[in-house]
Structure formats: structure tokens, C-alpha cells
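[1] What would the 3D arrangement of this be:
(2 chains)
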Amino acid sequence: MRKLNRRQRVLLGLGFSAAFLIVVCIWGSLGTEAARATDFSRKNIPPCLQYPFGTDWLGRDMLVRTVKGLSISILIGITAAAVSAVIALLLGIASATMGKAVDSVISFVIDLIMGVPHILLLILISVAMGKGLKGVIVGVAVTHWPSLARLIRAEVLQLKEMPYIKIAGKLGKSRWYIAVKHMLPHLLPQFIVGLVLLFPHAILHESSITFLGFGLSTEQPAIGIVLSEAMKYLVTGKWWLALFPGLFLVVTVVLFYVMGQSLRKLLDPGSVHQ
Amino acid sequence: MKRKILAIFCAVSLAAGLLSGCGQSGSTGEGNGKSEGSSPPEAGSGSETGGAGSGTEDGSIPGETTGGAKEEVVVTMPVTSEPESGFDPAYGWGAGEHVHEPLIQSTLVVTNKELQIENDLATEYGVSDDGMTWTVKIRDDVQFTDGEPLTAADVAFTYNNCKEKSSVNDFTMLESAAALDDTTVEFKMTKPYAIWPYTMAIVGIVPEHAYDANYGQHPIGSGRYIMKQWDRGQQVIFEANPDYYGEAPKIKKVTVLFMEEDAALAAAMAGQVDVAHTAASYSDQAIDGYSLFRVDTVDNRGFNLPCIQPEEKDGITYGNAFTSDVNVRRAINIGIDRQEMIDNVLNGYGTAAYSVCDKMPWYNPAAEVAYDPEGAKKLLDEAGWTKGPDGIREKDGVRAAFTLMFSSSDSVRQALAEDTANQLKELGIEVTTEGVGWDVAYDRAQSEPLVWGWGAHSPMELYNIYHTLADSGIGQAGYSPYANETVDQYMDQALESSSLEESYELWQKAQWDGTAGITQEGDIPWIWLCNVDHLYFVRDGLTVAGQKIHPHGHGWSIVNNVDQWSWE
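    Modelled structure (predicted):
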């Protein structure tokens, strides 16, 4: 086999992770009915050819449930991370450009939110919003922006001191023009990578609060629900109920991470030298 | 490249480790908590941790753990069985949502295995002709465990106190209680209440002189056992009352551990407990030295079908367009294969339920129906519910569909809901299941069916479910909209009747009198699915005395007669 060069390897990793995630999303969206279908004639079957992930005590196919659960997680993760990233972008830029007072307020909020454990805030927000899909998405969205916002703020602060920005200002270009024409292109790679790296966080947090019973409701085949149901049956030796969903949750998270890193290498070649 | 693969592998294993670590820490944490809890009583006198742990590991032989003189038992119960407000009857101990004998306190009367009333503290009791005054004579030789005698004044105090404070049980029928002399109590009622003895069977008598706000934490009573120690969230230890006026308890020490079913199973597997409560889903587990013990129950599961067309009041929707058709409700009742449900969901550990009170003296066997899917389809066809292109029936634009809710933490109810959905699909009815919390379940059940669990040692439950409440909601029955004057009248008469026997007959008529009622031929506002057997792993050698039919609640009922258990 011909050895691939670095760029090709990165592209391969990116392509593979993107393909996996897209397949999971599509398969999951198609399998809504199947993931909830119960059939008592096939309950508690260990993994076999027909049911590679086995079935649970209601005779539900764990493969379909796992995929559906992952697709729910991914969709929640993407929505929440996107909202979160937009908040981060706006606040980050506002903090860097709108003067001392705004900056200190926003920095304070960032420190405040980062000081409280995510999971605690998540539970509070999710419960206050009445649990369910909305609660989880809002919860994840409003807790995950601070680190990215901080990054963007630092970047903008740095950019502001750059000679070409200063010159543009001296030439009488408007703030808006400078922000859009000069700063945004520079920020975009950072932003996209940051956005992608938010996904795994969002997914893990979604599953953990659902696992703890503060997220989606029980009849939804979310991965957190699947795992917490499996807990009750682990003691009776039904290992497949927890192993495959858990493993695939980890795989999904890792692939998102790979995707983020690959993107960073492609968009920001300089990072290779770091 | 190699390094990266290695890194990814490390990341995966780290994350997997984290996940499984999280998973296990939950159960081992629990396990540790429990073994600490369970070990000291087994080890007799005890160091809390090290010694006790090793004691249980090599001490799993029953003879050793109980120290030869087998007069102790360790029993597990669900975490929810721990009385939050302590062992105070005014806050639901014995007389709460889940009725049972209060052990620490004694009651005026008790229910026997056939659920008939027998005397305990009472020597005789009677009711005035108008049903408004109950007079009870009590024994004069009973002492509280602090040495003070138990008098009629204590009885009166207990009931007045319950009436004033109880939020978990209904005492609205009691006007007041008064002691006429040391051994005579008189209850003035607000309305005739023929089944008052069933209330007298669950209210433990507390001492007036030793009762304060902290009574629940340090209960004093005259019952068979004394509460020695209560470690919140872990265990309660009872010791036999040496001065008990009745037959001396054979079991001298009872330790109750609170844990989830999976932890109880693990505790039994480790040989740490003598009786472990368990669920049908674990019933196929074979544990060395234990055998499965099943108890008949009236712990039923069923769902409500709102009987009226939807209307709204105060933001709550009452009624359901589809289930308001009586033919729909009848079709559902005979279209459900209860035996299939019991075999699949309960692994066979259950009995078909046709009412909220199967096997009780006030049960009317006319409620029983046979599984008849063809008959069900015929009923729906005749009522005009015809199948649409997707196989789901329709009538006048109303789709034959409803949401069946279940309490989201209850896997048995979830399975019953799923099975109901599967079975009703055969009839052309579309059922969507949804897990809900109790915070919203009550309001939503007014318009959508919900899987409930009921079953009590009192016919009052029929009243609570089927009798209209004029002052609340829209003047229909409390939990699900339904009203029938005839049914109401029978139940009112039952409460006014002069003897229990007479009232049983009226309660039965309220269910079905030949022309009207709440059964298949009547209005059938609730569908009853099954009575869930209460299952326990019992250590070989321990004889658990015969149980009366357990009510709803998989907790304290098992130890109702722990004083009569024995070791071989």
C-alpha cells in the first residue's frame, strides 16, 4: 500500500468521520418506529447474527436503538453546539470591541459560568425548562459558549493591535467594514474548529443528563435512556445492553474530535509547527 | 501514525473506562453503603467497616451470620418505602398511600388473612343506628414501651391528631374522638362510614404524653417491636418488645435495609440479607441458598379511559373524544389478552385483574371478562369506527388513537403500556406511549389514559376512583372523568349501611347490579390489566409466615407478620 501523505491522511480521517456521522444520522431518522417497536417474542436475546447488538427486556432491537439514540444525540449536539457557538461569537466580538465596561461584564459572566460545574447548570436549566428536548438543547447551548467566547475575545484583542487593522481604521473604514472584511476571515477557522469541538461535549452532556433522568423522557430511545435502563439489567449479566450503546457513544465522540482536529490542520496549516 | 493510533486507542479506553467507571461507581457505591448497613447487624456488635466486610464475605452461611440463635432477619425494601416523615401514623406510617401494619404501634383492630376484621386493642366495638357514632372498648392491660399504660385518652388523641395533621390519608369522615372513660372511646363521625374498622386497622396508637414534633424519629408504641435505630437512607432496626401484651414475637430482631431492586439482588447473591425484594425481570435468577417466594396481591395495574367529550376548565382538559364512546372502552376491555401480558411482562408472576379490588370481600366477580379480539372488533365496527387506509380506525373525523402515559421511572408500567399498544394495534387502535413524571401525570390523566397502580385493604378505593366529587374539577370522579348516579348511590348506601357484611354487598352492586355499573356491560371507565405478584428471594431455612393478600406497594406488607416467622 502506498504511504499516504499527511494531508491525505487528514482528509481520509475527516471523510471517514463525516461519513460515519451522516450515516448514523440518516439511519437513525429512518428508524424511529423500529427503535420503539416492542416484541415480546424476542426479548433478552444476546448478540447474534440477526440482532448484532442483542435485544432488551421489551424485545427491542438494540442495534436500531443505539443508532437512533446516537442520531438523537448528534442532532441535539449539533443544534446546541451551533447555538452555543453563535453566542460565543457575538459575545466574544462584543467583549473585544465594545469597550472596557462591556468587556469586564462579559468576562465576569464567562468566569462565572466556567466556575460552576457544567452538569449542575445543565440540570438546573433543563429542569426549569420542563425537561424534554427543549430543555436539553437550551441547557447545553447556554452552558457551552464561554470557552469559545474567551478564545474569540483573545483573538479579536490581538487582531485589533495588528498594523493592518489600525491602518484600515486610520483610513476611515467603518467598524463594521473592518469587522466583516478584515477580522471575520481571520476568525473563521478558529470558530469552525471551536464549533466542531463543541459537539462531543454537547453530546456527552446530553447523554449524561438524560442518564441522570433530567433530560429526555423515558420512551425516547436516547442514548442516555438506553444506558440508564441497561444499568438495571447489568446485575443479571445482560452486558450487551450497556456495552454497545456505551462504546458507540464513545466512538461518535472520538470521531467528532478527529473531525475537529482534521479541520484545524486543513484550515490552519501553521498549527502543524506548534 | 502509530503514535496517533495509540493516542486514539488510549482516548477510547480512557473514555470507556470513565463511562464504565461512572456506571459501576453508582452500583458499588450503593453496594458499599448497603453492606455497611447490613453488616453490623449480622456481625452482632460491630465495627462499621473492615471487620463487618470480612464477616459477610466468609459468613454467608446463615447459621454463622445470625450467630446460632436464629432470631434475627434482615429484609430489604425499596428506597421509596422509607417513611420520609418518620414512623408517625399522622404522617402516613401504616396509614399512608401504602397501608400496612405499623409494627411499632398497635391498632384497635387488625385484618386477618381473609381481610375480615379482628380485635387487637379493642375488645368490642359498635356503631349507633344512624351510623354517626362508633364506640370502642379497649383492653386495660396494655402498656407503652416506656411503662405508661395505654388508655382511651391516647386513642382519642391519636385519632384527633391524625384528623388534624394527616395529609396522606383521608380522615374527613371523622368529626372528633373522645375518651368516655379509661377504656372507652367514642368516635363522632361527619357522615356514616360503615367501613370505619378498616381505618381502625391501620392507625397505630401513639402515647399522648410522649408525642411531640419529633415523634416520627423516636416512636414509642405498644406494638410488637421497638424501633432501636434508624439510619436515614440506609436501615431501620427493630427489636422485639419484651412486654408485648400478645404472643411474644419469635423473631427478636428485624433489620430493614432500603435499596433498589438491583442492589437487593446483589445483596442476596452475596448472602448478606435474608429476604430480598425483587422484580419479575429478575425472577429467573437462581441464587444459591435462596428460593423465590411469591405473594398474591391486589397490587393492580390498569389505565383510565376518560368517559366524556373533551372540555376545558382552569387550563386542564377533561375528557377524550375517542374513549368517551362506551363501545370503545368495552372493546378495549375484551381486546386485551391479559394472560399474554402477564407471561411476557411479568414472567408469569401475576394474575389477571378485572377490577381495582380483585379477591377482596367487596369484589364483584361479574367484572371478569374473557379475551375476545373478534368480539372487540365487532363492537368497534358496529359503533361506526371503520378502518382507514393505514389500518387505524376512524369515526366522524376522530381517529382511534390515544397516548398511554406511564410513570417514567417504572419499567413494569412501561412494559405494560408497550404491550397494550401492541395489542390494541391489532384492533385498529393507535396507542402512543409516553413516560411522564407525577408532577404532570394527574392533570394529563384527565384527558389521556395513564397506567396506574392501585390496590388497598379498603373498599374506599372504589369510592376514590369511581365516585363523583361535586366540589372538585368538573364534578366528575377524581382521577378520570366519569359519573354515574346509580354507582354513586350504591357507594353512598354502602357507607351508610349498618354492618360490614351488608356494605360488602352494596360495594359489589356499585360495580355491577345487573343493569348498571363499572364492568364490561356497564360503563367500564377503567381497564384493569393485572395484579403484580410481590416477589422475594428468601434464604433457605427461613419460613415466612403466610401472608395476607398484599396491597399496592412492594414494601412493608411483607413484615406485617414478621413476629411469626421462624428459622429451621
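[2] drop to CA atoms for contacts and neighbour counts, all remaining ones
    OK.
[3] got the residue ranges for the strands in the stretch 201-350 of chain B?
    Counting by DSSP state E, counting those that start in this stretch, the stretch 201-350 of chain B has strands at residues B:225-231, B:235-240, B:253-258, B:275-278, B:290-295, B:300-304, B:311-313, B:316-318, B:350-352.
[4] let me redo that: chain A
    Ranges of strands in chain A, per DSSP state E: none exist.
[5] Show me what residue of chain A gets nearest to chain B.
    Proximity of chain A to chain B (CA to the nearest CA) peaks at residue A:218, 5.1 Å away.
[6] separation between that residue and residue A:125?
    19 Å (CA to CA, to the nearest Å).
[7] cool, residue B:337 as well?
    43 Å.
[8] which bits of chain A sit near chain B?
    A:38, A:40, A:57-58, A:217-219, A:231-233, A:235-236, A:246-247, A:250-251, A:254 (CA under 8 Å from any CA of the partner chain).
[9] what residue ranges in the stretch 301-450 of chain B are flagged as low confidence?
    Within the stretch 301-450 of chain B, not a single segment meets pLDDT under 70.
[10] Can you give me the neighbour number for the closest residue to chain A within the stretch 451-568 of chain B?
    Residue nearest to chain A within the stretch 451-568 of chain B (CA to the nearest CA): residue B:451, separated by 13.9 Å. Here the count is done by other CA atoms under 10 Å in any protein chain shown, and residue B:451 has 21 residues near it.
[11] residues in contact with the residue nearest to residue B:542 when sequence neighbours are not counted?
    Nearest residue to residue B:542 in three dimensions, chain neighbours excluded: residue B:567, at 4.5 Å (CA to CA, 6 or more residues apart in numbering or on different chains). Residues counted as contacts of residue B:567 (CA atoms under 8 Å, 6 or more residues apart in numbering or on different chains) are B:70-71, B:541-543.
[12] quick one, phi/psi of residue B:567?
    Torsion angles at residue B:567 (phi, psi; degrees, to the nearest 10) stand at phi -100, psi 140.
[13] Over to residue A:222?
    The phi/psi pair for residue A:222 (degrees, to the nearest 10) is phi -70, psi 160.
[14] which ones are touching the spatially closest residue to it that is not a sequence neighbour?
    Closest residue to residue A:222 apart from its sequence neighbours, by CA to CA, 6+ apart: residue A:69 at 4.1 Å. Contact analysis of residue A:69 by CA under 8 Å, 6+ apart lists A:28, A:221-224, A:226.
[15] Need the max-distance pair from those.
    A:28 and A:224 (15.4 Å; CA to CA).
[16] Have a look at those two and say which one is more surrounded.
    Neighbours per residue, other CA under 10 Å: of residue A:28 and residue A:224, the larger number sits with residue A:224, 30 against 22.
[17] about what we covered before: report the buried members of the residues of chain A next to chain B.
    Buried residues within the residues of chain A next to chain B, counting neighbours by 16 or more other CA atoms under 10 Å in any protein chain shown: A:38, A:40, A:57-58, A:217-219, A:231-233, A:235, A:246-247, A:250-251, A:254.
[18] Narrow those residues to those in helices?
    A:231-233, A:246-247, A:250-251, A:254 (DSSP state H).
[19] want to try TSV for these, with pLDDT as columns?
    Output for these, formatted as TSV (pLDDT from 0 to 100):
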residue	pLDDT
A:231	85
A:232	83
A:233	85
A:246	91
A:247	93
A:250	91
A:251	91
A:254	90
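[20] so can I have JSON lines of these showing distance to residue B:249?
    Shown next, in JSON lines, are those (distance: CA to CA, whole Å):
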{"residue": "A:231", "distance to residue B:249": "39"}
{"residue": "A:232", "distance to residue B:249": "36"}
{"residue": "A:233", "distance to residue B:249": "38"}
{"residue": "A:246", "distance to residue B:249": "50"}
{"residue": "A:247", "distance to residue B:249": "53"}
{"residue": "A:250", "distance to residue B:249": "56"}
{"residue": "A:251", "distance to residue B:249": "59"}
{"residue": "A:254", "distance to residue B:249": "61"}
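[21] State whether residue B:280 and residue B:535 are indeed in contact, as I suppose.
    Yes. Residue B:280 sits in contact with residue B:535 when judged by CA atoms under 8 Å, with a separation of 7.2 Å.
[22] measure residue A:78 to residue A:21 for me?
    Residue A:78 is 11 Å from residue A:21, by CA to CA.
[23] what does residue B:180 give?
    With CA to CA as the criterion, residue B:180 and residue A:21 are 79 Å apart.
[24] Which one of those two is surrounded by more residues?
    residue A:21 (19 against 15).
[25] which one is the more buried one nearest to, not counting chain neighbours?
    Residue A:21's closest residue in space is residue A:252 (CA to CA, 6+ apart), at 7.3 Å.
[26] Check residue B:509 too.
    Closest to residue B:509 by CA to CA, 6+ apart is residue B:490, at 6.6 Å.
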